[in-house]
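> fold the following, please.
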Amino acid sequence: MTTTADPRLLVPARRLLLQRRIRLIVAVTITYNVIEAIVAITAGTVASSTALIGFGLDSIVEVLSAAAIAWQFAAPDPEKRERLALRVIAVSFFGLAAYVSVDAVLTLTGIREPDHSPVGIVLAAVSLAVMPFLSLIERRTGTELGSASAVADSKQTLVCSYLSAAVLVGLVLNLAFGWTWADPVAGLVIVVFAVREGLEAWRGDACKTPVSALTGERRVEACDCC
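Numbering: from 1, shown residues only. You can find the predicted model right below:
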């Protein structure tokens, strides 16, 4: 069930503070993910790694998602732009899933063979440490603000941490045991998460527990939050 906080519960000063916090988180997310995308796609291309290329494309999706949030909160009335921001996030997820699916099939059928990538292992490990922290801050802020798009974007960032773990496992198994199938399988894990989160963003499903900045009262409603 989708729940929506009432922004009118927030005093203007608190609402402005939360919106500024969202914009700062978005700026950090975009900067980090641009760097991550360049490194991952370059390393993935060199190593013919489905998982790394998919990981880099996920970083681009993260940039598009964060940019949609920045565009939304640049407006005087962000709520009016929320639905379009969610659509951008959803379409980005679906595009990622389609590309990685094709690339994984090419690798599993032997048309491509992934090589080792120490650079990719380091990158995945760093992202696994950074992404959950950014996701938590944005999710808490978006929940209090009552923004479905901000919560959806925070879940996309959390997906990035899941993907970091999947990519890390796939690359390490390939490096340690020569299991080339581990790389495309890690890529298919990306597809599963991408499709699920894309559908949730398209429907506007996001877990939010409205909080009043005036009283601190929390209105608990049922939701399908992960």
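> residue closest to the middle of this protein?
Nearest residue to the geometric centre of the chain (C-alpha atoms, centre = their mean): residue 156, 2.2 Å.
> you'd agree residue 167 is up against residue 186?
Yes - shown here, residue 167 and residue 186 form a contact pair, counting by C-beta atoms under 8 Å, at 5.3 Å. Any C-beta I mention is one placed from the backbone N, CA and C, and that applies to glycine too.
> now do the contacts for the residue nearest to the centre of the chain.
Shown in contact with residue 156 (C-beta atoms under 8 Å, 6 or more residues apart in numbering): 61-62, 65, 89, 93, 197, 201.
> for the residues you listed, pick the one with the most neighbours.
When the contacts of residue 156 are compared by neighbour count (other C-beta atoms under 10 Å), residue 65 ends up highest, at 31 neighbours.
> what helix or strand is the closest residue to that residue other than its chain neighbours on?
In space, and not counting its chain neighbours, residue 65 is closest to residue 89: 4.6 Å by C-beta to C-beta, 6 or more residues apart in numbering. Using DSSP states H and E, the element containing residue 89 is helix 82-108.
> gap between that helix and the chain center?
Centroid separation for helix 82-108 versus its chain: 12 Å, with C-alpha atoms, centre = their mean, to the nearest Å.
> counting by contacts, list what it packs against.
Where contact means 3 or more C-beta pairs under 8 Å, 6 or more residues apart in numbering; DSSP states H and E, helix 82-108 is packed against helix 50-73, helix 148-177, helix 182-203.
> so for that helix, what gets flagged as buried?
82, 85-86, 88-90, 92-97, 99-101, 103-104, 107-108 (16 or more other C-beta atoms under 10 Å).
> before we move on, what about stretch 181-195?
In stretch 181-195, counting by 16+ other C-beta under 10 Å, buried: 182-191, 193-195.
> check the secondary structure at residue 110 for me.
coil (DSSP: H, G, I helix; E, B strand; the rest coil).
> for residue 120, see how far away it is.
Remark: distance between residue 110 and residue 120 (C-beta to C-beta, to the nearest Å) = 21 Å.
> who has more neighbours, the two?
residue 120 (31 against 8).
> show the pLDDT at the more buried one.
At residue 120, the model reports a pLDDT of 87.
> helices or strands up against the helix or strand hosting it?
Using DSSP H and E, residue 120 maps to helix 118-145. The contact analysis (3+ C-beta pairs under 8 Å, 6+ apart) places helix 118-145 against helix 12-47, helix 50-73, helix 148-177.
> highest average neighbour count across those?
Highest mean neighbour count of the helices and strands packed on helix 118-145: helix 50-73, a mean of 26 (counted as mean count of other C-beta atoms under 10 Å).
> what's the distance between that one and the middle of its chain?
7 Å.
> and the angle for it with helix 82-108?
170 degrees (axes from the mean of the first three to the mean of the last three C-alpha atoms, to 10 degrees).
> just the CA coordinates of helix 50-73, formatted as CSV?
Extracted C-alpha coordinates of helix 50-73, given in CSV (Å, rounded to 0.1, in the frame of the first residue of the first chain):
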residue,chain,number,x,y,z
THR,A,50,28.8,-8.4,-17.6
ALA,A,51,28.5,-7.8,-13.9
LEU,A,52,30.9,-4.8,-14.0
ILE,A,53,29.3,-3.2,-17.1
GLY,A,54,25.8,-3.7,-15.5
PHE,A,55,27.1,-2.2,-12.3
GLY,A,56,28.4,0.8,-14.2
LEU,A,57,25.1,1.2,-16.0
ASP,A,58,23.3,1.0,-12.7
SER,A,59,25.5,3.9,-11.6
ILE,A,60,24.2,5.8,-14.6
VAL,A,61,20.6,4.9,-13.6
GLU,A,62,21.4,6.3,-10.2
VAL,A,63,22.6,9.5,-11.7
LEU,A,64,19.4,9.8,-13.8
SER,A,65,17.3,9.0,-10.8
ALA,A,66,19.1,11.6,-8.6
ALA,A,67,18.9,14.2,-11.3
ALA,A,68,15.2,13.6,-11.5
ILE,A,69,14.9,14.2,-7.8
ALA,A,70,17.1,17.4,-8.1
TRP,A,71,14.8,18.6,-10.8
GLN,A,72,11.7,17.9,-8.7
PHE,A,73,13.0,19.7,-5.7
